[in-house]
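> Sequence first, then the predicted structure, then my questions.
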Amino acid sequence: MSAWSEVLLFIVGGLLFVSIALLVSKIIRPSRPNPEKLTSYESGEKPIGSAWIQFNVRFYVIALIFILFEVEVIFLFPWATIFSNPEFGWMAFVEMTIFIGLLALALAYAWKHGHLDWMKSNPEISDFKSPVPTELYKKINERYK
């Protein structure tokens, strides 16, 4: 058996295991939907209004910055194993220093431009004019209250 056939065997075995687990869970689980189960649930509060609302862009920016630094943590674990090897020690140290330096530069950029502040001190007023009349928005909002 070649090395690639072993890899193929592991892939097929993994897919088979996941497929069987999902099939068995679908067969044995109870399925009794009712209106209470089908409502959206958020921290014990009853939903009020439509779920299709606009969120502040800062939620997404902070989430992206969080993901950026989570990726850094993922790269630090394999780096720590290679750094202990004397053959790659200094090269791994220089590479990780460059990587952390780029992330520090990204953090400094986000900090300088106020992306980490929850409330901006100088709000920027946009001159964007919506092609949709505001009366139409009001009618739609009243309809879905």
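Thanks, I have it.
> Show residues contacting the helix or strand of the chain with the lowest mean pLDDT.
Lowest on mean pLDDT, DSSP states H and E among the helices and strands of the chain sits helix 35-38, with a mean of 76. Applying C-beta atoms under 8 Å, 6 or more residues apart in numbering, helix 35-38 has no contact partners. To be clear about C-beta, it is placed using only N, CA and C from the backbone, and glycine gets the same treatment.
> chain center to it: distance?
Remark: helix 35-38 is offset 27 Å from the chain centroid, using C-alpha atoms, centre = their mean, to the nearest Å.
> Check which element follows it along the chain.
helix 57-83 (DSSP states H and E).
> Which other helices and strands does that following helix contact?
helix 89-112 (3 or more C-beta pairs under 8 Å, 6 or more residues apart in numbering; DSSP states H and E).
> any idea which helix or strand comes after the helix it packs on?
helix 134-143.
> That next one packs against which elements?
Against helix 134-143 (3+ C-beta pairs under 8 Å, 6+ apart) you get no helix or strand.
> quick one: it to chain centroid distance?
Here helix 134-143 is found 32 Å from its chain centre; the criterion is C-alpha atoms, centre = their mean.
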